[in-house]
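generate a structure from the sequence data that follows.
(one chain, ligands or ions: 1)
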Amino acid sequence: MKMMMVMSEQIATAWALEQAGVTPAFLRREEEEAAPPVYRGDALLVLQGVSLAFGGVRALSDIGFAAREGETLAIIGPNGAGKSSLLNVINGIYRPQSGRVLFRGLDLTGRGARNAARAGIARTFQNIALFKGLSVIDNIVTGRSLAHRAGLFEQILGLPRARREEAEAREEALRLLDFLQLGAFAERQVGALPYGLQKRVELARALAARPRLLLLDEPMAGMSAGEKQDLSDAILAAKARFGMTVVLIEHDIGVVMNLSDHILVLDYGQKIADGTPDAVRDDPRVIEAYLGAGH
Ligand SMILES: Nc1ncnc2c1ncn2[C@@H]1O[C@H](COP(=O)(O)OP(=O)(O)OP(=O)(O)O)[C@@H](O)[C@H]1O
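Just a heads-up that it's a prediction; the model follows:
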């Protein structure tokens with residue numbers, strides 16, 4: 001019975017991780033060795049002429065931009081502007097009717113979250129997608145151990161290689177939790193933690209995949225000012241430590257100005273501004289879009 005429960009939890013974890021675009025680090029390293037990046041410039045992510053419609057609703061119209069290696073790009077805009085749709089296009093979940101998504105020179109257009117993850121893209125969700133019944137550390141370790149070289153039966157039977165890999169995965173996860181000041185909560189059940197800490201655990205799980213590009217969908221939604229400050233600090237610390245590029249959707253303009261090097265503004269599916277925080281803040285079209293939407 002216990003074995004059945006472990007297996008069903010692992011299958012559910014595999015599904016959720018695939019949706020989240022989380023790929024265990026060793027799998028991704030193999031991919032990189034097999035297919036070295038072909039892009040030679042400093043733009044990590046390039047979108048060209050992306051248009052997406054749902055039936056008659058045009059969610060994105062001819063969107064193009066580039067995110068440089070190591071920068072933090074914020075996607076902002078009023079409700080319904082197309083921000084989540086754009087993130088889903090980057091992540092390969094949505095296939096645009098036209099245009100391309102190039103990541104490190106690889107064409108990932110509409111190729112699904114799994115391929116995006118293998119190329120080095122991880123993401124968090126607007127609504128937390130963790131296993132509430134599992135401990136913090138198990139949320140991070142279970143997904144990693146799924147793809148370890150030891151097969152599922154070796155893992156369940158606890159054969160030596162599986163035990164060693166599991167121990168290594170736990171040690172690595174613990175180091176990550178310490179780094180994000182979550183070490184004290186490692187054995188706590190995720191569902192019992194305050195919302196702000198759960199958001200931080202989701203960030204830890206995304207970082208466990210060692211992404212080159214981290215997509216954060218409204219990471220501060222529903223947080224207090226103190227929690228927002230803490231998570232902003234954690235994102236900056238993670239960037240300094242792991243050197244990845246971040247693309248985030250965020251409504252809190254104070255957070256956006258604090259975190260971003262580059263801001264893209266959408267309105268009714270169109271790109272209306274694309275530049276530094278200072279340039280975007282003073283752009284009359286941006287002011288108009290926000291005032292017009294009652295922000
Ligand atoms: N799966 C879908 N099916 C039909 N229409 C959709 C779908 N997803 C988004 N839309 C429509 O596409 C447009 C852009 O929506 P999207 O969710 O991308 O905007 P958003 O900027 O993320 O909004 P919010 O800030 O409210 O989350 C909206 O008109 C929305 O109703």
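
which parts of the protein sit against the ligand?
For the chain, the residues in contact with the ligand (Cβ under 6 Å from any ligand atom) are Phe54, Val57, Ala59, Gly77, Asn79, Gly80, Ala81, Gly82, Lys83, Ser84, Ser85. (Glycine included, C-beta is placed from N, CA and C.)

which two in these are spaced the farthest apart?
Using Cβ to Cβ, the residues of the chain next to the ligand span at most 17.1 Å, a distance reached by Phe54 and Gly77.

okay, those two: which has more neighbours?
In terms of neighbours (other Cβ atoms under 10 Å), Gly77 is the more surrounded of Phe54 and Gly77; the figures are 26 against 9.

surely Glu166 is in a helix?
Yes - checked against DSSP: H, G, I helix; E, B strand; the rest coil, Glu166 lies within a helix.

that one contacts Thr142, correct?
No - contact between Glu166 and Thr142 fails when scored by Cβ atoms under 8 Å: they sit 9.8 Å apart.

thinking again about what came up before, buried ones only from the residues of the chain next to the ligand, please, as a PyMOL command.
The command below creates a PyMOL selection of those among the residues of the chain next to the ligand that count as buried (16 or more other Cβ atoms under 10 Å):
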select buried, resi 59+77+81+82+83+84+85
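
mind checking which of the residues of the chain next to the ligand are in strands?
Those of the residues of the chain next to the ligand mapping onto strands are Phe54, Val57, Ala59, per DSSP state E.

just list whatever residues bridge to the second one.
When assigned by DSSP bridges, Val57 has beta-bridge partners Phe54.

out of Glu166 and Thr142, which sits in the more crowded spot?
Neighbours were counted for Glu166 and for Thr142 using other Cβ under 10 Å; Thr142 has more, 24 against 18.

quick check: closest non-adjacent residue to Ile272.
Residue nearest to Ile272 in three dimensions, not counting chain neighbours: Arg285, with 4.6 Å by Cβ to Cβ, 6 or more residues apart in numbering.

all helices of the stretch 1-150 of the chain, in order?
2-20, 25-34, 83-90, 112-119, 136-146 (DSSP state H, counting those that start in this stretch).

confidence-wise, which of these is weakest overall?
Mean pLDDT across these is lowest at helix 25-34; the value there is a mean of 41.

what is the burial count for the closest residue to Ile263 other than its chain neighbours?
Leaving aside its chain neighbours, Ile263 sits nearest to Val280 (4.4 Å; criterion: Cβ to Cβ, 6+ apart). Using other Cβ under 10 Å, the number of residues around Val280 comes to 23.

per-residue pLDDT, the residue nearest the centre of the chain?
Residue closest to the average C-alpha location in the chain (Cα atoms, centre = their mean): Arg123, at 1.6 Å. The model reports Arg123 with a pLDDT of 89.

pLDDT wise, what is the residue nearest to Ile263 at?
93.

which other helices and strands contact the host helix or strand of it?
With elements taken from DSSP states H and E, the one containing Val280 is helix 277-281. Applying 3 or more Cβ pairs under 8 Å, 6 or more residues apart in numbering; DSSP states H and E, one finds that helix 277-281 contacts helix 253-259, strand 262-267, strand 270-275.

so where's the stretch 101-250 of the chain shaky on pLDDT?
Scanning the stretch 101-250 of the chain for pLDDT under 70 picks out 143-158.

point me to the residue of it nearest the ligand.
The ligand sits closest to Ile249 of the stretch 101-250 of the chain, with a gap of 6.7 Å, by Cβ to the nearest ligand atom.

so what's that residue closest to, chain neighbours aside?
Residue nearest to Ile249 in three dimensions, not counting chain neighbours: Lys83, with 4.6 Å by Cβ to Cβ, 6+ apart.
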